[in-house]
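Novice: structure here, sequence nowhere to be found:
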């Protein structure tokens, strides 16, 4: 009502802003307030700029990279750390509301990403199109929200997912402008995405392979909400709190999740705890803070100690977060220790999903088994399944791991093969994959022929060695599997015949 009762030309005068000159900033109370403002501005047919520019709104200035030096000074002031950002909703608005201001005519949300679709595209270097159909409908309690795309190297798995991201992104953006900032020119031709109404609320692409092909970023003003993360790299931001990237570091997103929980604003922190449970207690995660006692260096504090601190100390820590430092964990001796590669990737996955996966998300995961022990892969798939169920989201995983595939029903496993003429085919797994043995999956689905050939060559050499069965058992019994010993006996019998 305040905006409706004032003429735009006299907004500054009526609010008493002119007397302050340029020595102030402002911020709205919450992300919801920004959403309401945008909705009103659209209905009143005026620009949000006309409202927020004279107010010198910090979210608006940040989104447009205005007066970044002054903004950085303000963000490090006590007025900002202990005053403006004392309120959880306002703190989260600073980190999350820029996209609200930049996106005009946002699409209505879909209630569930679990929708059948077909995607087809002719990739360079192949004689026919890749065509994949994603369908749902397995009986409960089986979960079909995650689908796997498997095949040998060079058959086009990652390229196919790249083209799917681009095609779906262009559809969701709905404009003639490329929704991505770079590296998103379609390489596929004769592309079809059916049905025409298929879309999701956002796309989260996580890549564990250093040779990534996915688009790196979407325009901030695109209706496509897209986040890409290279899981083998540290996303440490720019070091400037006024820059948008500073809100996307793992440390910053951990604090955002914690403050959302403190303000009872969503279930992200709860999802983080559930995801991390197979690896370590979330309370042992440690973050780096600039010292508040005037000393040099950094102070590492666990999330548990941060939660136990009083409000005043918490605000001091929140305002002195060193967001460019990667999270660590507290060791047995109480000191902070760096995470192993597997721990780091698991934690980063948990943070990204807890912070970014909301209702109707499509996750694209490229080789998530990298750096994970087989038992952790099973844990990973379990927490992923729970996450997809809770948020009514879906996932497509490109993988080489039978430990991933054995957690999925056969209709959710898509086997990609390419013949000598470079003609691709994609079909569902013939083997009943859910709960199948790793050996059976390796032989029947992953076509582990090269490994089998090595075993077979060894078996043939031993069978032809002239040793008796008893001598073979004594020499090799502790080294070879029962299956290979049986194969050696069969080869010896065949030779005697």
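Specialist: Cool, the structure landed. Not measured: the values here are computed from a predicted model.
Novice: just give the number of residues close to residue 109.
Specialist: Close neighbours of residue 109, defined as other Cβ atoms under 10 Å, add up to 11. Placement of C-beta: from N, CA and C, glycine included.
Novice: please tell me how far residue 191 sits from residue 217.
Specialist: 22 Å (Cβ to Cβ, to the nearest Å).
Novice: let me fix that: residue 267
Specialist: Distance of residue 267 to residue 217, given as Cβ to Cβ: 27 Å.
Novice: then residue 167?
Specialist: Counting by Cβ to Cβ, the gap from residue 167 to residue 217 is 17 Å.
Novice: the more surrounded of these two?
Specialist: When residue 167 and residue 217 are compared for neighbours, residue 167 comes out ahead with 18 against 15, by other Cβ under 10 Å.
Novice: nearest spatial neighbour of that one, skipping sequence neighbours?
Specialist: Using Cβ to Cβ, 6 or more residues apart in numbering and skipping the chain neighbours, the partner closest in space to residue 167 is residue 193 (4.8 Å).
Novice: that neighbour and residue 440, how far apart?
Specialist: If you measure residue 193 against residue 440 using Cβ to Cβ, the figure is 34 Å.
Novice: likewise for residue 344?
Specialist: Relative to residue 440, residue 344 is positioned 32 Å away (Cβ to Cβ).
Novice: likewise residue 189?
Specialist: 38 Å.
Novice: please say which of these two ends up with more neighbours.
Specialist: Of the pair residue 189 and residue 440, residue 440 is the one with more neighbours under other Cβ under 10 Å, namely 14 against 11.
Novice: can you tell me the SS state at the more buried one?
Specialist: helix (DSSP: H, G, I helix; E, B strand; the rest coil).
Novice: contact partners for it?
Specialist: With contacts defined as Cβ atoms under 8 Å, 6 or more residues apart in numbering, residue 440 is in contact with residue 431.
Novice: and the pLDDT at it?
Specialist: Reading off the per-residue confidence, residue 440 sits at a pLDDT of 80.
Novice: do a quick rundown of the helices in the stretch 301-450 of the chain.
Specialist: 303-308, 311-319, 341-356, 374-391, 402-405, 438-444, 449-463 (DSSP state H, counting those that start in this stretch).
Novice: mean neighbour count, the ones you listed: which tops it?
Specialist: Comparing the helices of the stretch 301-450 of the chain by mean neighbour count (mean count of other Cβ atoms under 10 Å), helix 402-405 comes out on top with a mean of 24.
Novice: for that helix, name the packing helices and strands.
Specialist: With contacts defined as 3 or more Cβ pairs under 8 Å, 6 or more residues apart in numbering; DSSP states H and E, helix 402-405 has these neighbours: strand 146-150, helix 374-391, helix 438-444.
Novice: rerun at 6 Å
Specialist: If you count contacts as 3 or more Cβ pairs under 6 Å, 6 or more residues apart in numbering; DSSP states H and E, helix 402-405 packs onto helix 438-444.
Novice: any stretches of this structure with poor pLDDT?
Specialist: Across the chain, the stretches falling below the confidence threshold (pLDDT under 70) are 1-22, 235, 237, 447-454, 497.
Novice: so the residue nearest to residue 167 lies in a strand, does it not?
Specialist: Yes - using three-state DSSP, the secondary structure at residue 193 is a strand.
Novice: burial count for it?
Specialist: The burial metric for residue 193, expressed as a neighbour count using other Cβ under 10 Å, is 18.
Novice: name whatever forms a beta bridge with it.
Specialist: Per DSSP bridges, the residues bridged to residue 193 are residue 119.
Novice: quickly note the distance from it to residue 199.
Specialist: 9 Å.
Novice: and if you look at residue 432?
Specialist: If you measure residue 432 against residue 199 using Cβ to Cβ, the figure is 32 Å.
Novice: what count of nearby residues applies to residue 139?
Specialist: Summarising burial for residue 139: neighbours were counted as other Cβ under 10 Å, giving 7.
Novice: would you map the strands across this structure?
Specialist: In the chain, strands defined by DSSP state E lie at 117-122, 130-134, 146-150, 189-194, 202-207, 226-230, 285-290, 298-302, 328-330, 336-337, 361-366, 394-399, 413-418, 424-428, listed in chain order.
Novice: what sits up against the fifth one?
Specialist: Right, the one you point to is strand 202-207. Contact partners of strand 202-207, identified using Cβ atoms under 6 Å, 6 or more residues apart in numbering, comprise 214, 225-231, 356, 361-366.
Novice: what about it, distance to the chain center?
Specialist: Between the mean C-alpha location of strand 202-207 and the chain-wide mean there is a distance of 5 Å, by Cα atoms, centre = their mean, to the nearest Å.
Novice: okay, residue 432 and residue 199: which has more neighbours?
Specialist: Relative neighbour count places residue 199 above the other of residue 432 and residue 199, with 22 against 10, counting by other Cβ under 10 Å.
Novice: just the helices in the stretch 1-150 of the chain please.
Specialist: Defined through DSSP H, counting those that start in this stretch, the helices belonging to the stretch 1-150 of the chain, from first to last, are 11-14, 31-44, 48-52, 58-63, 68-75, 78, 88-96, 98-102.
Novice: helix 88-96 and the second one, what's the angle between them?
Specialist: Translated: helix 31-44. Note on geometry: by axes from the mean of the first three to the mean of the last three Cα atoms, to 10 degrees, helix 31-44 and helix 88-96 are set 60 degrees apart in direction.
Novice: buried residues in helix 31-44, which are they?
Specialist: The neighbour-count check on helix 31-44 (16 or more other Cβ atoms under 10 Å) flags 31, 33, 34, 37, 38, 41 as buried.
Novice: rewinding a little: among the helices of the stretch 1-150 of the chain, which comes closest to residue 287?
Specialist: Proximity of those to residue 287 was assessed by Cβ to Cβ; the nearest stretch is helix 88-96, lying at 15.5 Å.
Novice: helices or strands next to that closest one in the packing?
Specialist: Using 3+ Cβ pairs under 6 Å, 6+ apart as the contact test, the elements touching helix 88-96 are helix 250-262.
Novice: may I see the buried residues of the helix it packs on?
Specialist: Within helix 250-262, the residues scored as buried using 16+ other Cβ under 10 Å are 250, 251, 252, 253, 254, 255, 256, 257, 258, 259, 260, 261.
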